[in-house]
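**Student:** next come a sequence and a model predicted from it.
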Amino acid sequence: MIDYEKGDIVIIELKAGEIYDGILISKSAERISICSTVEYPSGKLFENICNFSIKEINTSRILSDKKDNGNNKVVNKINLNIQEYKHLTNLINSFKLIKQMDVRFYDAVQEIETAESIGIDAKGCQIGRFYKISYLIISVWNQVFVFDMVNLDQMAFNSGLQLIFENEFILKVCHNSQKLNDCLLHNYGVKMKNVFDVLLADFTLQERHKEKDPRHRSIEDLIIEYLNLPSCFVDKITDEEWTKRPLPITYQEMIATRCSFLLFLKNILQKKMNESLNKITDMFYCMATDTLNPTVEETILPKRLLQML
């Protein structure tokens, strides 16, 4: 089993809830020392070497592109490569806040409507139709947009967002789309189409793998399960608190976190859901390519492959 090595990128989650990453300088039974340290979700960079006592650390994980080889397995490895992780953390810290109907709003709509998949998170609608959205967060692959719906309200949907939400060619990625759809339909007259719900995708995989007690898991659970990242990356702020104006700085730092993870989770879940189909596809074309003189009968999908679906 391969342990952490000097120069590895390490993600440290403290018992107090803070998260840091940095380049490993040293690791002992008493402490971990890292440099080029960044705190999340604030993105604050520390120039000096940071030392963390083992007693104050809840978990530590390694970010590595090393490949597991036979019996050599990388310890507690993040399920993202270095490039993906850096892209994710940049998304969290570089969101655009839109408070009024100006050129920034229309530029955002134009960028969102050209995306194939978008992540959607809404603050303030976790009990459905009984409250309106406070902040609507939409992520494309390289940017997160935060719409202040207290200021924009219905005008945001009338000016482009409704067409995006109802566009059947744009995939909307959510966690628990039921509450969001209820709020959108009854408060804004918007019916979201072409939805990939990571909650339902995970539940389907649990059922497929015959889990003893399949359950609806929170986005924090999914981040741990599929990305092996600390759940403290995402906010645990209540709907009522998101209505505050002006929004506290600490809340602003957390606002884009959930939405930033959605497209990453979708990619992993889609891949897992397609594993059996991909396996059958490989076997199907090998029936022809591995045969010297394939006949029509040999290239027809046999019942034994259909049973794997």
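**Tutor:** Noted; the coordinates are in hand. Residues are numbered from 1 along each chain as shown.
**Student:** show me what contacts the residue nearest to residue 268 when sequence neighbours are not counted?
**Tutor:** Nearest residue to residue 268, sequence neighbours excluded (Cβ to Cβ, 6 or more residues apart in numbering): residue 226, at 4.9 Å. Placement of C-beta: from N, CA and C, glycine included. Counting by Cβ atoms under 8 Å, 6 or more residues apart in numbering, residue 226 makes contact with 79, 202, 265, 268-269.
**Student:** in strands, which of these fall?
**Tutor:** Among the contacts of residue 226, none falls in strands (DSSP state E).
**Student:** among those, which two are most distant?
**Tutor:** For the contacts of residue 226, the maximum inter-member distance is 14.3 Å, found between 79 and 202 (Cβ to Cβ).
**Student:** which one of these two is surrounded by more residues?
**Tutor:** A direct count of neighbours by other Cβ atoms under 10 Å for residue 79 and residue 202 places residue 202 higher, at 24 against 15.
**Student:** ok, so of the contacts of residue 226, who is nearest residue 106?
**Tutor:** Within these, the smallest distance to residue 106 is 29.2 Å, found for residue 265 (Cβ to Cβ).
**Student:** from memory the closest one sits against residue 197, does it?
**Tutor:** No: under the criterion of Cβ atoms under 8 Å, residue 265 makes no contact with residue 197, lying 10.6 Å away.
**Student:** with neighbour numbers in mind, choose between these two.
**Tutor:** Using other Cβ under 10 Å as the criterion, residue 265 and residue 197 rank with residue 265 on top: 23 against 20.
**Student:** can you pull the contacts of that one?
**Tutor:** Neighbour list for residue 265: 173, 198, 219, 222-223, 226-227 [criterion: Cβ under 8 Å, 6+ apart].
**Student:** what's next to stretch 93-110, contact-wise?
**Tutor:** Contacts to stretch 93-110, defined as Cβ under 8 Å, 6+ apart, come from residues 41-43, 137-138, 143-148, 151-152, 155-156, 159-161, 164, 252, 255-256.
**Student:** please redo it, this time with the cut-off set to 7 Å
**Tutor:** Contacts with stretch 93-110, where a contact means Cβ atoms under 7 Å, 6 or more residues apart in numbering, come from 41, 43, 143-148, 151-152, 155, 159-161, 255-256.
**Student:** check stretch 170-182 too.
**Tutor:** Contacts of stretch 170-182 (Cβ under 7 Å, 6+ apart): 115-120, 122, 125-129, 164-165, 192, 194-199, 219, 262-263, 266.
**Student:** for the buried ones among those, write the corresponding ChimeraX selection.
**Tutor:** Per 16 or more other Cβ atoms under 10 Å, the buried members of the contacts of stretch 170-182 correspond to this ChimeraX selection:
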select :115,117,118,119,120,122,125,128,164,165,192,196,197,198,199,219,262,263,266
